[in-house]
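Enquirer: model the structure of this input:
(one chain, ligands or ions: 1)
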Amino acid sequence: MRPLLLLDVDGPLNPFAGKPERRPDGYTTHRMVLDGWTEQHPLRVWLNPDHGRMLTDLAVECGLDLVWATTWQHLANTMIAPLVGLPELPVIEFGDALGTAAWKWDAVTTYAGDRPLAWLDDDFHQWRHGRPKFDMARLGRPTLLHTVDARIGITYNDLSAVAEWALTLPSDAPAPQAPSPDAPDDTDQTDMSRLAALGTDEEWVGILQDLNGELAETGRMARD
Ligand SMILES: [Mg+2]
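Expert: This is a model prediction of the structure:
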């Protein structure tokens, strides 16, 4: 059972609650018109093109499966993913639950089943009435509900929290799949060099290096 990393859009990827005159560093502005959009002006969406790389690196290092858990639902794959550098991801569908106490809780419960899950969202508190049922369903199943500040969006601190949680998972969780014989030969690209390619944030590179070592020690990463 591979652990899940559930991803919301508004708040974590789009820090919509930031001050209108002060776009957070690293973000670009997009103006989108969605089906049924009735406002006079397009929807302003702030997105960080580095988020895709940060999230996919974390998912690979921790053996997590990224999944959308957003009111954008399938539009996240067509309108958001290309702008942040994420691949097409599975989508959790919510039906008519959004706006009710069930919110995303019930659909996530059903989708995740027994799989461990980490979840990045900004609205857990707003829909807390549905939370007890969710918590009951998740008893005994590793679960991290991590609130992202909707004024700032996902930061390295948020991803570090997920990485630290991943270290607590049982060591029998499956390791990332070995590349197939047909895959391009990347044997010259060591884990460390790939981590170094993360960019200039040395702290984050260090976190992932530590994580890599700890995962190897606990046997969660099968390294030949
Ligand atoms: Mg949100």
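Enquirer: give me the low-pLDDT residue ranges for the protein?
Expert: 172-224 (pLDDT under 70).
Enquirer: let me see the ranges of the helices in it.
Expert: 51-62, 75, 81-84, 105-112, 131-137, 156-167, 191-196, 202-218 (DSSP state H).
Enquirer: next one: the fourth one to chain centre, how far?
Expert: Yep, that's helix 105-112 we're talking about. Helix 105-112 sits 16 Å away from the centroid of its parent chain (CA atoms, centre = their mean, to the nearest Å).
Enquirer: so how many other residues sit close to the residue nearest to R31 when sequence neighbours are not counted?
Expert: Excluding its sequence neighbours, the residue lying closest to R31 (CB to CB, 6 or more residues apart in numbering) is P42, at 3.9 Å. Where C-beta positions appear, they are placed from N, C-alpha and C, glycine not excepted. Neighbourhood size, P42 [other CB atoms under 10 Å]: 12.
Enquirer: I'd assumed M79 was in contact with P42.
Expert: No: the pair P42 and M79 does not pass the contact test of CB atoms under 8 Å, sitting 12.0 Å apart.
Enquirer: got any residues that touch both of those two?
Expert: M32 (CB atoms under 8 Å, 6 or more residues apart in numbering).
Enquirer: and the closest residue to the ion within the chain, what does it touch?
Expert: Across the chain, no residue is closer to the ion than G11, which sits at 3.5 Å (CB to the ion). Shown in contact with G11 (CB under 8 Å, 6+ apart): A17, D121, D122, D123, V148, D149, A150, G153.
Enquirer: same for the ion: which of those are within range?
Expert: Taking CB under 5 Å from the ion as the test, the ion is in contact with D122, D123 out of the contacts of G11.
Enquirer: which of the contacts of G11 sit farthest apart?
Expert: The two members of the contacts of G11 with the most space between them (CB to CB) are D123 and G153, at 14.1 Å.
Enquirer: who has more neighbours, those two?
Expert: G153 (25 against 16).
Enquirer: what's the local residue count around the closest residue to the more buried one other than its chain neighbours?
Expert: Closest residue in space to G153, ignoring its immediate chain neighbours: P15 at 3.7 Å, by CB to CB, 6+ apart. Residues within reach of P15, counting by other CB under 10 Å, total 24.
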